[in-house]
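In: Just need the structure, nothing else, for what follows:
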Amino acid sequence: MQVLTTIQELKDFKKSLIHQDTLGLVPTMGALHKGHQSLMQKSIQQNTHTIVSIFVNPTQFGPTEDFNKYPRTLEKDCEICQKLGVSAVFAPQITEMYQKEDEITLNPPKSMGYVFEGFVRENHFNGVLQVVLKLFNLIQPHFAYFGQKDAQQLLILKRLVQDMFLPLTIIPCETIRDADGLALSSRNIYLSEEERTIALEIPKALQKMETLFKQGCNSSKELIAQAKTCISHVELDYFTITDYNLHITSTPKHNEAIALIAGKVGKTRLLDNLWF
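Out: Purely as a prediction, here's the structure:
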């Protein structure tokens, strides 16, 4: 496995690939866990080569967020990638990815990028789109793998590929959970033992919602009301049901709707969702 830290090294690696090879990309910010590993494994199964990018992207962090505290474990991350069979890790410095102070930026669709996470985290998706488009242009993968846990991000990135006619396919990958049901996240390390117990209210609420939906309840108002009975200590930012364009829907349909939930436990902000 090669560890590439410059754009030139990445270009040299790309030149070594055979024309018929397929290339999968797993974009990450590092601190790799089993959720990331599941993305890598899927890419490795489906492609000749897999590149994992490890880059803590400053433009998607707000002024009050945890950019400087975000866990950075590059050596350990590279060991994980090598054991799984990743072909290369692209781990650039900030100055490699952002070469000017005043760069061209992208705006997400108004109806998708400024609601929910985009409302709570101002300009977050502008930064996500900026760095992901840079990675897509540099690496030129055939397939890119993203987890369904970050649902709003996934849906917006699918729109990026669609609207900009990018020659690649985004592969959504199922959310990976710990044995207790908590969705895996690099931020889970910030939870104390007591806070983790509180955080489990989130997957329990979604599980109750899923059970009710399978039993025939298709009223968003009723589903959310019943699910909220499982939540007493999480400080909710939002809990809603939308279609895949992030428009709120009153009657969710199978394979057409998603429940989005976000909230704080202590100082840690957690996201989760349910794809109907």
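
In: what ranges do the helices span in this protein?
Out: Ranges of helices within the chain are 7-15, 34-46, 74-84, 94-97, 110-113, 117-120, 124-139, 151-163, 193-199, 201-214, 220-228, based on DSSP state H.

In: Tell me which of those helices lies nearest to Ile258.
Out: helix 151-163 (5.6 Å; Cβ to Cβ). Every residue, glycine included, has its C-beta placed from N, CA and C.

In: Run the chain-centre distance for that closest one.
Out: Its chain's C-alpha centre and that of helix 151-163 lie 11 Å apart, by Cα atoms, centre = their mean, to the nearest Å.

In: Which strands or helices does that helix pack on?
Out: Counting contacts by 3 or more Cβ pairs under 8 Å, 6 or more residues apart in numbering; DSSP states H and E, helix 151-163 packs against helix 110-113, helix 117-120, helix 124-139, strand 143-147, strand 169-173, strand 257-265, strand 268-275.

In: Turn the ones you listed into a markdown table, columns for mean pLDDT.
Out: Putting the helices and strands packed on helix 151-163 into a markdown table (pLDDT from 0 to 100) gives the following:
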| stretch | mean pLDDT |
| --- | --- |
| helix 110-113 | 92 |
| helix 117-120 | 90 |
| helix 124-139 | 97 |
| strand 143-147 | 97 |
| strand 169-173 | 97 |
| strand 257-265 | 96 |
| strand 268-275 | 95 |
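
In: okay, those in a markdown table with mean neighbour count and distance to Gln162 next?
Out: Shown next, in a markdown table, are these (neighbours: other Cβ atoms under 10 Å; distance: least, Cβ to Cβ, whole Å):
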| stretch | mean neighbour count | distance to Gln162 |
| --- | --- | --- |
| helix 110-113 | 15 | 12 |
| helix 117-120 | 18 | 18 |
| helix 124-139 | 20 | 13 |
| strand 143-147 | 23 | 13 |
| strand 169-173 | 17 | 9 |
| strand 257-265 | 21 | 18 |
| strand 268-275 | 21 | 19 |
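
In: quick one, which of these is nearest to Ala199?
Out: Across the helices and strands packed on helix 151-163, Ala199 has its closest neighbour in strand 257-265 (4.7 Å, Cβ to Cβ).
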